[in-house]
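**Q** let's see this in three dimensions:
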Amino acid sequence: MRYRLICSLSFLCLAPLLACSAWAAHAYALWGEPKLPAGFTHFPYVNPDAPKGGELRLVSNLRVSTFDKYNPFTIRGNAPAYLSELMFDTLLSASLDEPATGYGLLAEDVAVAPDGLSATFRLRRAARFHDGKPVLAQDVKHSFDTLVGPYTSPAYKTLMFEVAGVDVLDERTVRFRFKQPNRELPLTVGTLLPVFSRDWGKGKPFDQVVMEPPIASGPYRVGPVNFGKDITYVRDPQYWARDLPVRRGTGNFDRILVKIYKDNTARLEALKAGEFDLMRFFSAGDWARRVNGRKFDSGELVKGEFANSLPTGFQSYVLNTRRPFLQDVRVREALGLAFDFEWMSRQLFYGAYRRVNGIFGNTPCETRGEPSPQELALMEPYRQEIPAAAFGPMTVPPSTDPPSSLRANLRRAQELLRQAGWEVKGGVLRNAQGQAMELEYLDSGETRINTVASWMRNLAKLGITLRFRAVDYALYQQRLQKFDFDITTIAYQGTLNPGQELADLFGSRAADTEDSGNFPGVRSPAVDAMVGAIVGAKSQEALLPACHALERIIAHGHYLIPQWYGATHRMAYNAWRLQRPDVVPPYSPGELWAIGTWWAAPAAKP
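**A** Numbering: from 1, shown residues only. A predicted model of the protein is given here:
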């Protein structure tokens with residue numbers, strides 16, 4: 001499975017207080033006003049007096065045996081887990097209890113021009129990189145120019161596509177110019193642009209900056225490394241922002257050790273043996289049956305399920321429409337009808353998951369029922385390019401709960417396949433040219449065959465062969481970058497603040513851009529227009545119909561077969577070594593919440 005961020009922690013992004021105002025503000029809220037006033041002392045979900053010290057021992061959840069670079073922004077290779085989050089500051093800092101709201105970090109304040117065509121950030125004089133040099137406007141411009149340049153992931157180019165350029169107004173003042181007024185763009189450049197020093201890899205093309213540790217300004221630096229085994233991040237005791245309201249009570253551990261294991265079984269057994277302090281679980285089977293043992297019985301290790309108000313995301317089977325067999329929407333719908341989530345929920349998931357539906361679940365953009373007049377007005381110019389069903393009720397994933405049944409769903413699938421020109425001959429589904437429907441499911445490990453096997457069996461009843469292909473992670477990543485797959489699973493994170501990143505996920509321009517997020521290969525002027533309407537929305541009243549229209553088009557296009565999501569963060573942790581704040585913020589991002597706000601117990605043993 002590959003995780004795809006709609007935008008890194010996009011549900012925490014920041015935006016202007018008032019698009020029509022030119023005065024500088026301490027905070028931005030996309031809609032309305034920020035919760036905390038100027039002069040606030042700390043976020044309400046942290047312990048402002050949390051002691052500093054001790055060590056947090058983690059396990060990498062990345063499915064790689066090791067890492068081979070310290071540069072997380074280039075396409076090739078694998079960077080260590082959590083490096084970006086621990087080492088890079090941004091202009092603005094997010095709040096974990098307010099959606100789309102945040103407060104100044106590197107930037108002391110920000111002002112949006114009255115015409116909405118620029119945002120100006122004034123940097124704090126105290127801001128310093130790890131080498132002691134000040135963070136200056138030239139560094140911000142360098143970071144932007146580098147990340148939209150030729151050597152980085154195309155996601156940055158897509159996110160910043162509407163940014164016309166960056167001007168250095170003086171030593172500590174930088175202005176981002178926009179191609180058109182857009183409430184989201186100050187948010188995008190404020191939270192999604194990691195800032196690093198011009199001296200990092202100076203004189204080299206950025207893709208050749210590989211093993212040089214970043215010269216950044218975040219709370220941690222790279223410490224001791226045992227390649228293939230672990231990496232340690234060391235807290236900077238002179239971290240320039242340690243006393244800022246947005247940082248008080250965070251970054252409490254002196255050392256964060258991230259261990260690397262080659263398989264899930266090894267990780268779990270290491271946790272039970274006490275080799276690390278916290279592990280997040282994504283497997284319902286592991287959580288229900290295998291997270292136990294002597295240390296759990298004694299209370300040293302604790303199973304915690306932390307509720308949150310995050311978007312559901314839209315983890316899905318992705319159908320690559322670049323493949324000829326998957327270009328007909330009727331074929332794609334038929335494949336989805338053979339997927340029996342209810343059986344999997346009973347037999348494999350212990351009822352721990354809920355079914356995904358659409359791309360905006362658990363957000364104001366989530367779509368239900370019939371389209372509104374505003375949605376229809378947006379879609380009508382593209383009626384010939386949009387599936388007719390999108391103009392009716394929002395699609396609901398097929399169910400096998402009574403009165404529905406798998407048998408009925410497979411009959412419907414057979415009819416759709418027949419309409420698309422496929423018929424069963426000798427037990428094999430063939431098209432008019434006699435070609436058999438044979439597809440490959442690509443993954444980076446053997447273990448996920450357990451969640452694909454029942455779908456494979458159901459597809460066989462339709463005469464379709466789905467082969468499971470497991471490859472090593474490096475080859476898996478390479479094949480995804482080149483869109484060399486039929487079907488795979490992508491765990492897309494959700495967002496409370498949809499915007500330009502949707503062009504990377506579904507835009508026509510991204511469909512042919514290597515390493516973009518448009519894995520299904522969507523090429524649709526209608527989709528492009530809906531993304532444009534979302535990006536250009538100047539109010540929630542304009543945003544929501546555009547979101548709903550996009551969600552209808554994607555869902556009824558059957559590019560994705562919705563999978564499942566968990567409503568809680570499942571984390572096992574060492575209660576003897578770790579302490580945490582009493583308040584669980586509603587938008588806590590899993591283990592990153594623990595990394596950022598927990599602290600070492602005073603009596604914890606090293």
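
**Q** quick one, strands of the stretch 351-500 of the chain?
**A** Counting by DSSP state E, counting those that start in this stretch, one finds strands in the stretch 351-500 of the chain at the ranges 354-355, 423-425, 428-430, 438-443, 465-470, 487-492.

**Q** which one of these is the most hemmed in?
**A** Across the strands of the stretch 351-500 of the chain, averaging neighbours per residue (mean count of other Cβ atoms under 10 Å) puts strand 487-492 on top, at a mean of 21. Every residue, glycine included, has its C-beta placed from N, CA and C.

**Q** tell me what it is packed against?
**A** strand 2-4, strand 316-319, strand 438-443 (3 or more Cβ pairs under 8 Å, 6 or more residues apart in numbering; DSSP states H and E).

**Q** list the contacts of that strand.
**A** Applying Cβ atoms under 8 Å, 6 or more residues apart in numbering, the contact partners of strand 487-492 are 1-4, 6, 313-320, 359, 439-443, 448, 466, 480, 505, 519, 563.

**Q** for PyMOL, what selects the buried ones among the residues you listed?
**A** Written as a PyMOL command, the selection of buried residues from these, which uses 16 or more other Cβ atoms under 10 Å, is:
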select buried, resi 1+2+4+6+313+314+315+316+317+318+319+320+359+439+441+442+443+448+466+480+505+519+563
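
**Q** re earlier: wait, which of the helices and strands packed on strand 487-492 is closest to Gly251?
**A** Nearest to Gly251 among those is strand 2-4; the distance by Cβ to Cβ comes to 24.0 Å.

**Q** so for the closest one, mean pLDDT?
**A** For strand 2-4, mean pLDDT is 51.

**Q** and of the strands of the stretch 351-500 of the chain, who's closest to Phe282?
**A** Of those, nearest to Phe282 by Cβ to Cβ is strand 487-492, at 8.5 Å.

**Q** residues near Ile449, how many?
**A** By other Cβ atoms under 10 Å, 13 other residues sit near Ile449.

**Q** contact partners for the residue lying closest to it once chain neighbours are set aside?
**A** Nearest residue to Ile449 in three dimensions, chain neighbours excluded: Phe468, at 5.0 Å (Cβ to Cβ, 6 or more residues apart in numbering). Phe468 sits next to Glu440, Tyr441, Asp443, Ile449, Val452, Ala453, Met456 when contact means Cβ under 8 Å, 6+ apart.

**Q** Ile231 belongs to a strand?
**A** Yes. Counting by DSSP: H, G, I helix; E, B strand; the rest coil, one finds Ile231 located in a strand.

**Q** ok, it touching Lys69?
**A** No. Ile231 is not in contact with Lys69 according to Cβ atoms under 8 Å; the separation is 12.0 Å.

**Q** the two: which has the busier surroundings?
**A** More crowded of Ile231 and Lys69, by other Cβ under 10 Å: Ile231, with 23 against 18.

**Q** which residues does the more buried one contact?
**A** Contact analysis of Ile231 by Cβ under 8 Å, 6+ apart lists Phe67, Pro80, Val222, Gly223, Pro224, Val225, Leu257, Val258, Ile260.

**Q** let me know the pLDDT of the residue of the chain most remote from its centre.
**A** What lies farthest from the middle of the chain is Gly426; by Cα atoms, centre = their mean that is 44.0 Å. Looking at Gly426, its pLDDT reads 92.

**Q** quick revisit: distance of the residue nearest to Ile449 from Trp598?
**A** Taking Cβ to Cβ, to the nearest Å as the measure, Phe468 falls 39 Å from Trp598.

**Q** do the same with Gln347
**A** Per Cβ to Cβ, Gln347 is found 35 Å from Trp598.

**Q** compare those two and say which is more crowded by neighbours.
**A** Between Gln347 and Trp598, Trp598 has the larger neighbour count (other Cβ under 10 Å), namely 24 against 11.

**Q** how about the contacts made by the nearest residue to that one once chain neighbours are set aside?
**A** The shortest distance from Trp598 to any non-neighbouring residue, by Cβ to Cβ, 6+ apart, is to Arg580 (4.5 Å). Contact analysis of Arg580 by Cβ under 8 Å, 6+ apart lists Ala594, Thr597, Trp598, Trp599.

**Q** in strands, which of those fall?
**A** Assigned to strands by DSSP state E, the following of the contacts of Arg580 qualify: Trp599.

**Q** which of the contacts of Arg580 sit farthest apart?
**A** Pairwise distances across the contacts of Arg580 peak at 10.0 Å for Ala594 and Trp599 (criterion: Cβ to Cβ).

**Q** give me the common contacts of those two.
**A** Taking Cβ under 8 Å, 6+ apart as the contact rule, Ala594 and Trp599 both touch Leu578, Arg580.

**Q** mind checking how far Phe161 is from Glu423?
**A** 45 Å.

**Q** any buried residues in the lengthiest helix in the chain, and which?
**A** Assignment by DSSP state H gives helix 540-557 as the longest helix of the chain. For helix 540-557, the neighbour count (16+ other Cβ under 10 Å) marks 543-557 as buried.

**Q** return the residues in contact with the closest residue to Gly427 other than its chain neighbours.
**A** Closest residue to Gly427 apart from its sequence neighbours, by Cβ to Cβ, 6+ apart: Gly463 at 6.0 Å. Listed by Cβ under 8 Å, 6+ apart, the contact set of Gly463 reads Val424, Gly427, Val428, Leu429, Arg430, Met437.

**Q** just flag the most distant two among those.
**A** Maximum pairwise distance in those, criterion Cβ to Cβ, is 11.8 Å, between Gly427 and Met437.

**Q** about what we covered before: any chance of the strands of the stretch 351-500 of the chain in a markdown table with distance to Ala107 as columns?
**A** Formatted as a markdown table, these follow (distance: least, Cβ to Cβ, whole Å):
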| stretch | distance to Ala107 |
| --- | --- |
| strand 354-355 | 39 |
| strand 423-425 | 63 |
| strand 428-430 | 58 |
| strand 438-443 | 42 |
| strand 465-470 | 45 |
| strand 487-492 | 29 |
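
**Q** ok, back up a step: would you turn the helices and strands packed on strand 487-492 into a markdown table with distance to Arg368?
**A** Formatted as a markdown table, the helices and strands packed on strand 487-492 follow (distance: least, Cβ to Cβ, whole Å):
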| stretch | distance to Arg368 |
| --- | --- |
| strand 2-4 | 25 |
| strand 316-319 | 19 |
| strand 438-443 | 31 |
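
**Q** for Leu416, find the nearest of these.
**A** Leu416 sits nearest to strand 316-319 of all these, at 13.9 Å, using Cβ to Cβ.

**Q** ranking helices and strands of this structure by mean pLDDT, which lands last?
**A** One helix or strand of the chain scores below all others by mean pLDDT, DSSP states H and E: strand 2-4, with a mean of 51.
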